[in-house]
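1. Starting from these lines, generate the structure:
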Amino acid sequence: MKYIESETIELKEKLTDDVKKEIIAFANSSGGIIYIGINDIGEIVGVKGADKVMESVSSMIHNSIKPDLTMLIAISKVKENNLDVVVIKIGKGINKPYYLTQKGLKPSGVFIRCGVTSIPSSEEMIRKMILESNKYAFEEEDSFDQNLTFDYASRYFENHSISFSFENKKTLGIVSKEGKYTNLGLIFSDQSPYLIKFATYKGETPLEFNTRKEFGGAILKIVDDVFNYFDLINEKNSKIIGYERIDNLDYPQYALREAFLNAIVHRDYSYKGGIIVDLFSNRIEIKSLGGITSGLTMEDILQGVSETRNPRLANIFYRLSLIETYGTGIGRINSSYENYQQKPEFKDTSNTFTVVLYNTNYVKNMNSEKQKIIEYLKKHGTITRAEVENILDVKKSTALNYLNDLIKAEKVVLDDATKKAKYTLK
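-> Residues are numbered from 1 along each chain as shown. Okay, here's the model as predicted:
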């Protein structure tokens, strides 16, 4: 057999890092085959330790290329002229663009096949591949449930002076061209199966459970219900400075609103699980399913790059004035905390994206609790750790933290190092 490089065949004398970009290029194009052990003029030179080379290729694919290409690639070895040749068959990708993990979603990390060479992709081509990959998005597929009603959505659209006629449902993507309700329609329907699961805890960990609440129904009803609940839990701290009263909410309203809407708009609705909101004494965590949209990195997100997996849902929320310009949300969340010491955190795994917002009044509350200890000491002379637990209704670890902080601040001293240790004012 004569080996000749072409648009779908690449020849490599030995395994090098360049193989990664060739694999990416084939996956981003029409697929192809890479032969390792054959030089660029078609001569069979073979490879030593073919099994080890195959393992290295597999490791490259798993660790250095995103999204996951495993299902598109077959690695084998064949004998040619009594020499081992490693064969890598790459199928045409269905989740483009594929890219080098280290480089990210930019021309230096994305490659395409052009004739007999692999070249960096242009930014325009990257955008085109993203759009093509999203062409058959979950929100556009027909819903299994076609017995849907839209009482809440109809009222909501009417209140915002937007038509919710059958034809406009088609325009919005709630109804397909064939006249069937889509998964987007299911999300907006009164029968929507998606939930928001809300839990509150007494302390900073999930050990001391307090209350649990679920919000369901049409997505717009969920938004209204959750916003109303946020108003209840977002407590206000007031203080007098001079003759002026200063009110400060636990969580900046914009940050709380934007983090929640971000979870609604960008989550992966092919998962049936709910968005999880956990409220602790010092923070609130909002977890949405699906992680960052394929092709983007955390660095891209933090710099304002936005590519939602639910563009039609995002478009409706934009038309209803629920969200503003795409890609500005995380920047504005950060801006909401610019005057506070503890900044928001954003965490991504392959299946979840979490926004952590910190309670801006929490440090003040800690100081208030410590002041209660000092006032008790002024009145009673001594205090024990157990008494701190009872007075403040906190765990042992929290009580000890307060007392240790007061010792470090040289306001309190440990009077007796026995089991019934007592603390006194310094």
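
2. In this protein, where is pLDDT below threshold?
-> Residue ranges of the chain with pLDDT under 70: 1, 131-136, 238-247, 294-296, 303-307, 325-328, 350, 363-367, 416-419.

3. give the contact list for the spatially most central residue of it.
-> Closest to where the C-alpha atoms of the chain average out (C-alpha atoms, centre = their mean) is F353, at 2.0 Å. Listed by C-beta atoms under 8 Å, 6 or more residues apart in numbering, the contact partners of F353 are 263, 266-267, 287-288, 290-292, 346-347. Every C-beta, even on glycine, is put in place using the N, C-alpha and C of the backbone.

4. same deal with Y152?
-> Y152 makes contact with 190, 217-218, 220-221, according to C-beta under 8 Å, 6+ apart.

5. So it belongs to a strand, correct?
-> No - applying DSSP: H, G, I helix; E, B strand; the rest coil, one finds Y152 to be helix, outside a strand.

6. those helices in the chain, which residues are they?
-> Taking DSSP state H as the criterion, the chain contains helices spanning 18-28, 50-64, 123-133, 151-159, 166-172, 183-188, 219-233, 253-266, 298-302, 311-319, 329-336, 362-380, 385-392, 396-408.

7. which one of those is the most hemmed in?
-> Ranked by mean neighbour count under mean count of other C-beta atoms under 10 Å, those are led by helix 183-188, which reaches a mean of 25.

8. Would you quantify the distance from the residue nearest to S154 when sequence neighbours are not counted to I219?
-> Closest residue to S154 apart from its sequence neighbours, by C-beta to C-beta, 6 or more residues apart in numbering: F164 at 5.1 Å. According to C-beta to C-beta, to the nearest Å, F164 and I219 sit 14 Å apart.

9. and what of V226?
-> Separation of V226 from I219 (C-beta to C-beta): 11 Å.

10. From L100, how far out is the spatially closest residue to F111 that is not a sequence neighbour?
-> Nearest residue to F111, sequence neighbours excluded (C-beta to C-beta, 6+ apart): A25, at 4.0 Å. From A25 across to L100, the span is 11 Å (C-beta to C-beta).

11. same question, S121
-> According to C-beta to C-beta, S121 and L100 sit 12 Å apart.

12. and if you look at E214?
-> 42 Å.

13. Which of these two has more residues huddled nearby?
-> Legend: neighbour count by other C-beta atoms under 10 Å for E214 and L100, higher for L100 (19 against 11).

14. Could you pull up the residues touching the more buried one?
-> Contacts of L100 (C-beta under 8 Å, 6+ apart): 20-21, 24, 64-65, 108-110.
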